[in-house]
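Q: Dropping a prediction and its sequence here:
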Amino acid sequence: MIIDCHNHPDWHGHNLDKFLANMDRYGITKTWLLTWEAPENEYDPSYNHASVRTGPDGPMPFTRVLSYIERAPDRFVPGYAPDPRRPDAIDRLHAAIEIYGVRLYGELKVRMMYDDLDALRLYRFCGEKSLPVTVHIDYPFAHGRKYPRPDWWYGGGFDAFERAVRACPETVFLGHAPGFWAHISGDDQFDKVAYPDGKVAPGGKLLDALRANPNLYCDLSAGSGIRAMSRDPEFAREFLIEFQDRVLYGRDYFDNQHQEFLNGLGLDRAVLDKIYFKNALALVPE
């Protein structure tokens with residue numbers, strides 16, 4: 001069994017039929033299907049080639065998650081992350097849980113500090129409802145344009161995220177994206193390049209945070225996750241063994257590079273099973 005803990009509907013040229021065929025090709029049993037709710041001026045317009053904005057809550061609205069769930073309920077787990085800055089965010093999430101069976105809160109990817117008081121209130125509600133929370137962290141890197149934004153930061157950095165994790169010990173958090181995975185290393189590249197390379201240096205904040213916060217988990221998806229692992233395979237193997245109970249396989253895309261890398265590390269089957277599906281099932285039981 002394999003569970004993809006991070007993907008999106010109608011993403012990178014994949015409608016439902018292509019999505020299901022891709023899952024079958026790579027042996028993926030189920031996918032956690034996530035939204036991305038943010039104002040139009042808070043995401044890079046280049047994403048329009050990857051996901052068609054279909055309403056005011058885009059670029060990945062909950063309506064598209066529901067469309068997939070209704071047509072293939074056995075293959076997807078519904079996620080939904082209303083923007084915490086909305087005054088009705090908790091009410092929206094509560095209704096989605098009761099009416100549509102939402103099982104997780106994700107993907108949170110907005111330009112706010114993740115330890116904002118409104119965000120903390122929402123995280124605590126997720127903890128009460130046993131919904132894991134998937135967050136995207138990015139540091140500001142200039143992209144050479146002034147509008148709609150001069151950079152694309154999300155979350156306010158790793159420190160703000162860790163403060164939220166500590167403030168909500170009953171809530172499980174899954175960290176994701178460049179601003180999370182860059183801190184696997186103790187070098188100073190996290191705010192200079194989106195995807196640091198080279199051997200992992202001692203002193204990474206991520207390791208300290210994992211050891212200090214049992215409610216912090218890792219989402220391996222996307223280029224950020226695979227690059228953090230593949231930059232130093234020997235370190236990656238030890239990392240995955242140490243944190244085998246809190247790492248989840250995910251893709252955020254439709255290739256198979258994560259499986260190819262994981263399967264080549266020589267990990268015990270018991271460790272791989274945890275990463276591929278057992279940890280996901282522990283958070284979101286069938």
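A: Perfect, thanks for sending it.
Q: what's the lowest-mean-pLDDT helix or strand in the chain packed up against?
A: Lowest on mean pLDDT, DSSP states H and E among the helices and strands of the chain sits strand 59-60, with a mean of 85. Applying 3 or more Cβ pairs under 8 Å, 6 or more residues apart in numbering; DSSP states H and E, one finds that strand 59-60 makes contact with strand 36-37. Quick note: C-beta positions are derived from backbone N, CA and C, even for glycine.
Q: which residues make contact with the strand it packs on from outside it?
A: Under the contact criterion Cβ atoms under 8 Å, 6 or more residues apart in numbering, strand 36-37 has outside partners 8, 43, 57-62, 81-83, 107, 109-110.
Q: Which of the residues you listed fall in strands?
A: Those of the contacts of strand 36-37 mapping onto strands are P59, M60, E107, per DSSP state E.
Q: Neighbour-wise, which one of those leads?
A: Counting neighbours by other Cβ atoms under 10 Å, E107 comes out on top of the ones in strands among the contacts of strand 36-37 with 30 neighbours.
Q: State the distance from it to L33.
A: 10 Å (Cβ to Cβ, to the nearest Å).
Q: Could you do P73 as well?
A: Taking Cβ to Cβ, one finds P73 at 11 Å from L33.
Q: between the two, who's got more neighbours?
A: Per other Cβ under 10 Å, whichever of P73 and L33 has more neighbours is L33, with 29 against 11.
Q: Please state the backbone phi and psi of that one?
A: phi -100, psi 120 (degrees, to the nearest 10).
Q: ok, it - contacts?
A: Contacts here follow Cβ under 8 Å, 6+ apart; on that basis L33 touches N7, H8, P9, V65, Y68, I69, F76, V77, P78, G79.
Q: go on, R231?
A: S185, P196, D197, G198, K199, V200.
Q: The last one: what secondary structure?
A: Put plainly, it is V200. Three-state assignment for V200 (DSSP: H, G, I helix; E, B strand; the rest coil): coil.
Q: Any idea how many residues pack against it?
A: Neighbour tally, V200, other Cβ under 10 Å: 21.
Q: go on, R71?
A: Counted with other Cβ under 10 Å, the neighbours of R71 add up to 12.
Q: Ok, L265 next?
A: Counted with other Cβ under 10 Å, residues neighbouring L265 total 16.
Q: ditto for N215
A: If you count neighbours by other Cβ under 10 Å, N215 ends up with 16.
Q: Quick check: the gap between it and C126.
A: Note on N215: its distance to C126, by Cβ to Cβ, is 11 Å.
Q: Need the residues touching each of these two.
A: T171.
Q: List phi and psi for the residue at the greatest distance from the centre of the chain.
A: Here the chain reaches farthest from its C-alpha mean at K146, the gap being 27.6 Å by Cα atoms, centre = their mean. Per-residue torsions, K146: phi -90, psi -40 (degrees, to the nearest 10).
Q: quick one: contacts for it?
A: Per Cβ under 8 Å, 6+ apart, neighbours of K146: none.
Q: how deep is R124 tucked in, by neighbour count?
A: Burial of R124 is recorded as 16 neighbouring residues (other Cβ under 10 Å).
Q: One more: S67?
A: 17.
Q: on that earlier part again, most neighbours out of the contacts of L33, which is it?
A: The most crowded member of those, judged by other Cβ under 10 Å, is G79 (28 neighbours).
Q: my guess is it contacts G106, does it?
A: Yes - assessed by Cβ atoms under 8 Å, G79 is found in contact with G106 at 4.7 Å.
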